[in-house]
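Trainee: Pasted the sequence and its predicted model underneath.
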Amino acid sequence: MTFPYPEKLEDWQTAYTRDMAYDDSIKYGTNLAAMLGFLFALAYTFFCVIPFFFSRSYSLPLSLLLAMLVALVPPALLFGVMQMAAFRVASSFLAEFYRPPEDIDPKDVINNRFYGVSNSRRR
Amino acid sequence: MINGVLNSANNLLDFVFFWGGWLLVLEYPIVFFVKGIIKINKEKRKNPMPGKIGDLFFQTLILVIVTFVAGIVWSAPEIFLALRYSLSQGIPPALLVLDFILNFNIPPALVSLWTTWLWLSTLIRWGGLSLFLYGAARYFGKSNGEGRWRYSAIGHIAIIFIGLLIFNRWIGFIFISLPILVSYYFTLYNLAIVTLPASNPDDRDERWKRYVALVTYAWGIQFPMFAVDGHAWKKLEPRIPGDITGDLAATGLVWTRSHQVAAITGGTKFKRIDGPGVVYTGLLERPFQIFDLRLQTRTNEIDVVSKDGVSFKARVMTAFRLDPEPWDKQTYEKLRRMNPILRGADKPSYTLGSFPFSHLRIQATLGVTSTKAAAGGTLLFWDQWALNVVEDTARKVISQKNLDELWRPAEDVRFANALDAIANEIKANAMYTLRSAGILVFAARVVNFSFPGEQGQVDDISKQQIATWGSEWERRRSQILSEAQAESERTQQEARAYAESLLLNSIAEGLQKAHDIDEKLPRYVIAMRFLSSLQDYVHKQTDEKSMEELQNNLQEWQEQFLTDRGRGKKR
């Protein structure tokens, strides 16, 4: 977001555009992906690289690879649940603090701010 | 091979978890004591208070006992196994403890037993921690957290145990539970950035506070959060309630408009003037008053008594604002002597935006007004106080004037206005009183007077005085009116005489001219011409009514001149 805001009032309308919001969401997604990637790399190192130094024979069996992929499904589900919980907290806060009109859906507002796209548009 | 490594890692982490817990339990009283000593030393420089060290020792001793009990609870599985071992081996538990204390000796069989049951012990400890987490969340979040504390506590406990139980103990905790919890808080951070208001979105410190505010909200342990309405800044109710006494690292916030600042108190002490924008509050902090930086206009009807004892009502109007102007040296010196808080307040300390202000001046305003109460014991706000000062000054100014001076100033020069003179006097008298409290008055004037009618509660003396004052004005009015009427009549008489003389002169001139043309001209011809001239004159008159009258007169004259009687005379 451009801050401090532009001096000219007519520029305020374009101070934070949909594209900027999209870029922000990409930034957030990149950070999250980097964090999860790091943890996955850590797990890979722990499960595969360290055993290699112990056994002196590096090999990644297909069964282990499949098991790892399957093992990712429950964490992914848990991850989704916690993301929903976080969004629920934020929308609850928004509704309670800003008290928007009844026809405004707080989740829609947050999606708009967070992803640059509202639910209604995505539908 | 992998299983062996994982088991070793899990066992190591079980061990670290146990002793890490003990370390935390032991270090807490030490940290508490050291912090206490530092705090006492700091306070000693400002205000030496004997007995503080003794209190600290006593508090630390209690804390040591409490933490020791916590350590016993933390080691409950190991103690239970030791008891079981001592009973099975026929060794009294006290002897086992004594042997450990004196010789640091633990039987190898007991160590083996502990190692065997280490994972179960870890699970029991996690269970205890979970119960503690749930209890603490309930204790702190129940009153203001609605159901959020429950969802947060159960969610965290569930994620931890899913990692521990389903995904291979500590490995599952580290690679499943922790990343999910970290991603949850990472998402909360990003949501806080897009959801909570900010004064400066790029400020890292402010970002962190917004994050803490949302996290504490998620747990229901937040401090109160206020959003100040634009026109209802006196009714300060939290949008999200919270407990300011909760000794947690929570953050509250006060969201003010660009023309508002908040006076923050901490407990019973004034803390700071903060804002505009978002103000973050800490432990025991709450907004005491909101100050509107815009120009304020207020009006009120007050009871006043004039110098000659007449009581009546006056409507007072004033316009003022929190002083944003830099002071010259003379003004500064004068105001500083009147109010020592204003030391260093010779210019605005906040100059961003459209509403500059001085923190010290607002503190001075608060200092003057916060100790006063309005009717009914309610808090007296600064704007009401300013109006009160202007009202009192207006009463004093009016009480030094008699009724005449309310309409005619003492220095009655051309275009002089009594209300302007009164307004100048009120403003001059109230100016420094208000300015020493950080308030700049722009206008203060009486805009209307009203005397109660028959139904009003005016007393007999005032009635009599008003009647006397009124009769004097009535006498003056009658005198002026009669003089004007006499002058008018005199002018009319003069005008009439002048007009008649002009008319007669004109007629004489006309007759003379006719006679000069031809001395033998018959008289009736002259009369005809004379009448014709009169007729032209009559036609030049604009007044319709007088013209009609004149035509009638003319008709009469024609009849007189042109009738037989006239001709007979002519002959």
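Mentor: Arrived safely.

Trainee: would you list every one of the helices in chain A?
Mentor: Ranges of helices within chain A are A:18-44, A:50-55, A:62-98, A:106-115, A:119-122, based on DSSP state H.

Trainee: B:F223 belongs to a helix?
Mentor: No - judged by DSSP: H, G, I helix; E, B strand; the rest coil, B:F223 forms no part of a helix; its state is coil.

Trainee: In terms of pLDDT, where does it sit?
Mentor: The confidence metric pLDDT takes the value 90 at B:F223.

Trainee: didn't it look like it was pressed against B:T216?
Mentor: Yes - here B:F223 reaches B:T216: they are 7.4 Å apart, a contact under C-beta atoms under 8 Å. For the C-beta atoms, the positions are set from N, CA and C on the backbone; glycine is no exception.

Trainee: Kindly compare burial across the helices of chain A and name the winner.
Mentor: Highest mean neighbour count of the helices of chain A: helix A:106-115, a mean of 19 (counted as mean count of other C-beta atoms under 10 Å in any protein chain shown).

Trainee: Any chance of the helices of chain A in a markdown table with mean pLDDT and distance to chain B as columns?
Mentor: Listed next are those as a markdown table, based on pLDDT from 0 to 100; distance: least, C-beta to the nearest C-beta, whole Å:
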| stretch | mean pLDDT | distance to chain B |
| --- | --- | --- |
| helix A:18-44 | 73 | 5 |
| helix A:50-55 | 62 | 5 |
| helix A:62-98 | 82 | 4 |
| helix A:106-115 | 82 | 4 |
| helix A:119-122 | 48 | 15 |
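
Trainee: for these, which one sits closest to B:E559?
Mentor: Of all these, helix A:62-98 sits nearest to B:E559, with 99.7 Å by C-beta to C-beta.

Trainee: So which elements touch the closest one?
Mentor: Contacts defined by 3 or more C-beta pairs under 8 Å, 6 or more residues apart in numbering or on different chains; DSSP states H and E place helix A:62-98 against helix A:106-115, helix B:148-161, helix B:178-195, helix B:204-219, strand B:225-227, strand B:238-240.

Trainee: for chain A, what are the nearby residues on the stretch 201-350 of chain B?
Mentor: By C-beta under 8 Å from any C-beta of the partner chain, the residues of the stretch 201-350 of chain B that approach chain A are B:P201, B:D202, B:L214, B:Y217, B:A218, B:M225, B:A227, B:R239, B:I240, B:W255.

Trainee: In three-state terms, label B:N300 for me.
Mentor: Under three-state DSSP, B:N300 falls in the strand class.

Trainee: My read is that it contacts B:V316, right?
Mentor: Yes - with contacts counted by C-beta under 8 Å, B:N300 reaches B:V316, the gap being 5.7 Å.

Trainee: what's downstream of the helix or strand where B:T297 lies, the next helix or strand?
Mentor: Assigned by DSSP states H and E, B:T297 belongs to strand B:296-305. As assigned by DSSP H and E, the chain's next helix or strand after strand B:296-305 is strand B:311-322.

Trainee: Please name every helix or strand in contact with whatever helix or strand comes next after that following strand.
Mentor: Later in the chain than strand B:311-322, the nearest helix or strand by DSSP H and E is helix B:329-338. Here helix B:329-338 touches helix B:418-435, going by 3+ C-beta pairs under 8 Å, 6+ apart.

Trainee: Who has more neighbours out of B:F223 and B:T216?
Mentor: The residue with more neighbours, out of B:F223 and B:T216, is B:F223; 29 against 24, by other C-beta atoms under 10 Å in any protein chain shown.

Trainee: Now the more buried one: closest residue in space that isn't a chain neighbour?
Mentor: The shortest distance from B:F223 to any non-neighbouring residue, by C-beta to C-beta, 6 or more residues apart in numbering or on different chains, is to B:G252 (2.8 Å).

Trainee: I am assuming that neighbour contacts B:L284, so please confirm or correct that.
Mentor: No - the criterion here is C-beta under 8 Å, and B:G252 misses it with B:L284 at 10.4 Å.

Trainee: Give the buried residues for stretch B:324-335.
Mentor: For stretch B:324-335, burial by neighbour count (16 or more other C-beta atoms under 10 Å in any protein chain shown) applies to B:P324, B:W327, B:Y332, B:L335.

Trainee: and which of those is nearest chain A?
Mentor: Among the buried residues of stretch B:324-335, B:P324 lies closest to chain A (C-beta to the nearest C-beta), at 20.7 Å.

Trainee: quick one: contacts for the closest one?
Mentor: B:L293, B:P348, B:F355, B:P356, B:F357, B:S358, B:L440 (C-beta atoms under 8 Å, 6 or more residues apart in numbering or on different chains).

Trainee: And B:P108, how close does it get to chain A?
Mentor: The gap separating B:P108 from chain A is 29 Å, by C-beta to the nearest C-beta, to the nearest Å.

Trainee: count of residues packed around that residue?
Mentor: Residues contacting B:P108 under the criterion other C-beta under 10 Å number 8.

Trainee: and if you look at B:D205?
Mentor: If you count neighbours by other C-beta under 10 Å, B:D205 ends up with 9.

Trainee: Could you do the one 10 residues further on as well?
Mentor: Taking other C-beta under 10 Å as the neighbour definition, B:V215 ends up with a count of 21.
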